[in-house]
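Q: output the structure for:
(one chain, ligands or ions: 1)
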Amino acid sequence: MEVKNKRVILTGAAGGMGRILAAALHAKGAKLALVDANADALHQVAAQLEGSYPVAGDLSSAEGCRIVAEECSELLGGIDLLINLAGINSFSAYEDENPDKLELMMRVNLLAPMWLARAILPSLLEQNSGRIVNVGSIFGSIGFAYFTAYSTTKFGLRGFSEALRRELADTNIKVTYIAPRAVKTPMNNDVIMQMGEATNMNMDAPEDVVKKIIAAINNDRKDIYFGFPEALFVRINVLFPRLVDKALAAQNRIARKFAKNK
Ligand SMILES: NC(=O)c1ccc[n+]([C@@H]2O[C@H](COP(=O)([O-])OP(=O)(O)OC[C@H]3O[C@@H](n4cnc5c(N)ncnc54)[C@H](OP(=O)(O)O)[C@@H]3O)[C@@H](O)[C@H]2O)c1
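A: Residues are numbered from 1 along each chain as shown. Take a look at the predicted model:
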């Protein structure tokens, strides 16, 4: 799908990747409704992108998502492309996770994309065109220690993307699932960065990831996993999960020290 002149909802538009993706989509001629909970940052992003609409909103409830979808659709005169990018993470030993944070992560990372897709699908079906892009993670295919809750939400998002893609196979509505590996954005706090360094975790620049997201949309990709060897590990994990258990064991022991000493 060429993004030029397409009516696009981008969630998480004020975040580390979101603001770069918003600018890249704008440069390519997309019509943008930019959504984020951080209203101040969102308005700053939108102010730089002439003609884009900032839609400040909290996506952690079904009603919040319904209102956001309706407002974006009214502002743009319909929707061609929904990019579910907003997300939150947590780096923690699972026994230390806050139950409320667990629920919030499920809401923002998994349910919000589902609620937004549900809200716009009737209009996409009516026009028989459109695309839903769900930004997951390599952790949505490889369950990652101390990101257990986050991995769980992204596994769900991958499953949702696959099932919905199959459900829509006889229509002209496409679903793309995108799985970056770690990216240098504010999502990764100092402790995660230190853990990443200690475990030699590969981290991409957000500009590079954004280029690949645009290419995936342009090339009508069904799914895409970024980075070597991570993308290969995703395949190996399906066939030989015990090998991956072993390969990650030493790294997990190092990560535990950071997760417990936050
Ligand atoms: N960074 C990575 O290493 C990495 C790797 C793989 C995949 N990803 C995925 O890529 C996506 C973007 O990540 P990022 O690194 O750009 O993260 P980020 O810099 O933290 O940006 C995320 C944005 O989402 C917004 N958001 C959070 N909760 C929201 C809610 N309830 N309603 C509306 N907006 C909300 C945040 O607003 P606030 O600032 O107000 O919370 C923030 O502006 C996420 O889905 C993430 O899981 C990231």
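Q: can we go C-alpha only for contacts and neighbour counts from here?
A: OK.
Q: hey, where'd the strands end up in the chain?
A: With DSSP state E as the criterion, the chain has strands at 7-11, 31-36, 53-56, 81-84, 130-135, 173-179, 223-225.
Q: would you list the ones you listed in a markdown table and tack on distance to E74?
A: As requested, those are arranged in a markdown table below (distance: least, C-alpha to C-alpha, whole Å):
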| stretch | distance to E74 |
| --- | --- |
| strand 7-11 | 11 |
| strand 31-36 | 10 |
| strand 53-56 | 11 |
| strand 81-84 | 14 |
| strand 130-135 | 16 |
| strand 173-179 | 20 |
| strand 223-225 | 29 |
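Q: can you redo those as CSV with distance to the ligand and mean pLDDT?
A: Rendered in CSV, the data for the strands of the chain read as follows (distance: least, C-alpha to the nearest ligand atom, whole Å; pLDDT from 0 to 100):
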stretch, distance to the ligand, mean pLDDT
strand 7-11, 6, 99
strand 31-36, 4, 98
strand 53-56, 8, 98
strand 81-84, 7, 99
strand 130-135, 5, 98
strand 173-179, 6, 98
strand 223-225, 10, 98
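Q: would you turn those strands into JSON lines with mean neighbour count?
A: Rendered in JSON lines, the data for the strands of the chain read as follows (neighbours: other C-alpha atoms under 10 Å):
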{"stretch": "strand 7-11", "mean neighbour count": "27"}
{"stretch": "strand 31-36", "mean neighbour count": "27"}
{"stretch": "strand 53-56", "mean neighbour count": "23"}
{"stretch": "strand 81-84", "mean neighbour count": "24"}
{"stretch": "strand 130-135", "mean neighbour count": "25"}
{"stretch": "strand 173-179", "mean neighbour count": "24"}
{"stretch": "strand 223-225", "mean neighbour count": "19"}
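Q: which one of the ones you listed lies closest to N237?
A: Of all these, it is strand 223-225 that lies closest to N237, at 13.3 Å by C-alpha to C-alpha.
Q: note down every partner strand of the closest one and its orientation.
A: Strand 223-225 has these partner strands in its sheet, going by DSSP bridges: strand 173-179 (parallel).
Q: tilt between the strand it pairs with and strand 130-135?
A: Strand 173-179 and strand 130-135 are oriented at 10 degrees to each other (axes from the mean of the first three to the mean of the last three C-alpha atoms, to 10 degrees).
Q: identify all contacting residues around strand 173-179.
A: For strand 173-179, the surrounding residues in contact (C-alpha atoms under 8 Å, 6 or more residues apart in numbering) are 124-125, 128-138, 140, 158, 161-162, 164-165, 168, 213, 216-217, 220-226.
Q: report the buried members of those.
A: The neighbour-count test (16 or more other C-alpha atoms under 10 Å) applied to the contacts of strand 173-179 identifies 124, 129-138, 140, 158, 161-162, 164-165, 213, 216-217, 221-226 as buried.
Q: stretch 33-49 spans what distance, first to last residue?
A: End-to-end distance for stretch 33-49: 11 Å, by C-alpha to C-alpha, to the nearest Å.
Q: then stretch 141-148?
A: Here the two ends of stretch 141-148 are set 12 Å apart, with distance taken as C-alpha to C-alpha.
Q: distance from it to the middle of the chain?
A: Relative to the mean C-alpha coordinate of its chain, stretch 141-148 is positioned 16 Å out (C-alpha atoms, centre = their mean, to the nearest Å).
Q: so that stretch, near the ligand or not?
A: No - residues of stretch 141-148 contacting the ligand under C-alpha under 6 Å from any ligand atom: none, with a closest distance of 11.1 Å.
Q: for that stretch, what is the average pLDDT?
A: Per-residue pLDDT values across stretch 141-148 average out to 98.
Q: run a quick neighbour tally on A112.
A: Residues within reach of A112, counting by other C-alpha atoms under 10 Å, total 25.
Q: list the contacts of it.
A: 59-62, 65.
Q: and with 10 Å instead?
A: In this structure, A112 makes contact with 11, 58-62, 64-66, 84, 86-87, 105-106, 118, judged by C-alpha atoms under 10 Å, 6 or more residues apart in numbering.
Q: where does it land on pLDDT?
A: pLDDT for A112: 99.
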